[in-house]
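Q: Pasting the sequence and the predicted model now:
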Amino acid sequence: MRFWCLPWTRHQVFRALGVLPVFLTVGLLVWSLGVFYAVVLPAMHGRRAAHAWFWGPAVTALWVMVVWCYGVCVMRDPGHSVARRATVSSHGGMGRQPYIRVRGGDTPRRRRADSAADWDSDDSDAGVRLTEDQLQQADLIQSITATDSGQPRYCHKCNAAKPDRAHHCSSCDMCVLRFDHHCPWLNSCVGFHTQKAFLLFVTYAALYTTVLGVLTTVYYVIWIITEQALDISLQTLFMACIAFAFAISLWGFAGFHYYLALRNLTTLETHYSNKYRVPGVASAVQPGSINLFDLGWRRNLRQAFGPSRRHWFVPTISTIGDGTRYPINFETYNELQRAAT
Ligand SMILES: [Zn+2]
Ligand SMILES: [Zn+2]
C-alpha cells in the first residue's frame, strides 16, 4: 500500500520518520553535557575546585559510555533470522544451500512488505499447512518451540523458518532473533546482539541523568542561598527537571529489564508464553508460566553479558551462541514431559 499520494510505502515512510527520536536523543545528550560544562562545572570550580576536578571527568566518562552504548544499540544489527534452506535435488537427495539472509534482496518478504501487518504476536497457524520444503527448512533449525498444532514456527512474511524466540517485527520488516521489543528511541529492535548493549545503555543513562540532576540541583540551591540565582539561566533548572524525569523512568526500565535478564525472559515472553514440542504429544504444550530457557540466575546473566567479566561493562559482542538455539533447563523439561504425557 502506497502512503497517500507519495511514491513510498507506509513502511518506508514510518521507517524514515523513525530517525527523529534518535536525533532528539542525540541532541539532548549533547545539550546536557554542554550546559554542564558551560554553567554547572564553572560554578562548581568557583566554590570547590576539587569537586570540579572529580565530577568533570566522572560525568564525561558516564556520558561517553551512554553515547557508546546508545550508538551500538542504534547501529548494530539486533540479529535477524536466517534460514538454512533445504532443497530437494534433482536426483531426489536433499541438498543444502548456504545460509540465506532474510534481510534485503528481492525475496517474497520484500514483495509482501506492503501488506505487512503488525509483528506476529502469536504462532497460531490458523489452518495454514506448511509445504514439504518449508517443513524441511524448519526441521534443520531444530526448535524446541512450536505452533499450537505442533508444527514448526514459520514466518510467511520472511518466507523462512523462525528459530526459537525469534519474532517478526513489522517496523523493521524482518524476523529478529531473541526479539525483546522494538524501541522507537533506537529506531531498531532490542534483540539477540543488542540485549547487552541495551541493558548497559539504560544503566549508564540512569546513572548519568541521576548524577546530572543531583549536581545541578545542589548547585542551583547553593546559588539561590548565596543570592546569585539571577545570574543563572533558566535552562539549568530546565535541565535538572528533565534529568530527574528521565532518571525516574530509566531506573524503572532498568529494573524491569534486569528482572527479565535474571529470569531469561524477553518483554514479549512476559505477555505471550512459548509453546513447546514434547515427545509423544501431537500438539504443542503451553505450560503457563514455565520458561524452559530459565537456567538459574547466574547462567541467565552469563547468557546476557557473556562469560568474560572483562567485557561485562562495555557493549562488545560477548553473548553465547548464535541466537538460533538456546540451552534449556532439562529438569523443567522432564517435569513438563511427565505432566503432558
Ligand atoms: Zn519474519
Ligand atoms: Zn524492530
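A: Looks like it came in fine. Ligands and ions are numbered 1, 2, ... in the order given.
Q: Tell me where the stretch 151-300 of the chain has strands.
A: Secondary structure of the stretch 151-300 of the chain by DSSP state E, counting those that start in this stretch: the strands cover 154-155, 160-161, 167-169, 174-176, 181-183, 188-190.
Q: hang on, residue 14 in a helix?
A: Yes: the assignment for residue 14 is a helix, going by DSSP: H, G, I helix; E, B strand; the rest coil.
Q: I'd like the distance between the residue nearest to it when sequence neighbours are not counted and residue 17.
A: For residue 14, ignoring the flanking residues on the chain, the nearest one in space by C-beta to C-beta, 6 or more residues apart in numbering is residue 171 at 6.8 Å. Any C-beta I mention is one placed from the backbone N, CA and C, and that applies to glycine too. The span separating residue 171 from residue 17 equals 11 Å under the rule C-beta to C-beta, to the nearest Å.
Q: Residue 306 now?
A: On the measure of C-beta to C-beta, residue 306 and residue 17 end up 34 Å apart.
Q: more neighbours, those two?
A: When residue 306 and residue 17 are compared on other C-beta atoms under 10 Å, the one with more neighbours turns out to be residue 306, at 17 against 11.
Q: The more buried one is in contact with residue 197, isn't it?
A: No: look at residue 306 against residue 197 with C-beta atoms under 8 Å: they stay out of range, at 11.7 Å.
Q: So what's the residue count around residue 168?
A: By the other C-beta under 10 Å criterion, the neighbourhood of residue 168 contains 25 residues.
Q: Surely it is in contact with residue 174?
A: Yes: under the criterion of C-beta under 8 Å, residue 168 makes contact with residue 174 at 7.1 Å.
Q: Contact residues of the stretch 101-250 of the chain facing ligand 2?
A: If contact is defined as C-beta under 5 Å from the ion, the residues of the stretch 101-250 of the chain in contact with ligand 2 are 169, 171, 172, 182, 189.
Q: Of the strands of the stretch 151-300 of the chain, which is nearest residue 29?
A: The minimum distance between residue 29 and the strands of the stretch 151-300 of the chain falls on strand 181-183, with 16.0 Å, by C-beta to C-beta.
Q: can you list the residues that contact that closest one?
A: Counting by C-beta atoms under 8 Å, 6 or more residues apart in numbering, strand 181-183 makes contact with 73, 119, 169, 171, 172, 188, 189, 190, 198, 266, 267, 268, all of which sit outside it.
Q: just the residues you listed: which has the poorest pLDDT?
A: Ranked by pLDDT, the contacts of strand 181-183 bottom out at residue 119, which scores 48.
Q: Wait, residue 317 touches residue 193, no?
A: Yes: applying C-beta under 8 Å, one finds residue 317 in contact with residue 193, separated by 6.3 Å.
Q: Mind checking which of the two has more residues around it?
A: Each of residue 317 and residue 193 had its neighbours counted (other C-beta under 10 Å), and the higher figure belongs to residue 193 (21 against 13).
Q: Quick check: which of the strands of the stretch 151-300 of the chain is nearest to residue 32?
A: If you check each of these against residue 32 by C-beta to C-beta, strand 181-183 wins as the nearest, at 20.1 Å.
Q: Adjacent strands (with direction) for the closest one?
A: Using DSSP bridges, the strands paired with strand 181-183 are strand 188-190 (antiparallel).
Q: what separates the partner strand from the chain centre, distance-wise?
A: The offset between the C-alpha centroid of strand 188-190 and the centroid of the whole chain comes to 5 Å, using C-alpha atoms, centre = their mean, to the nearest Å.
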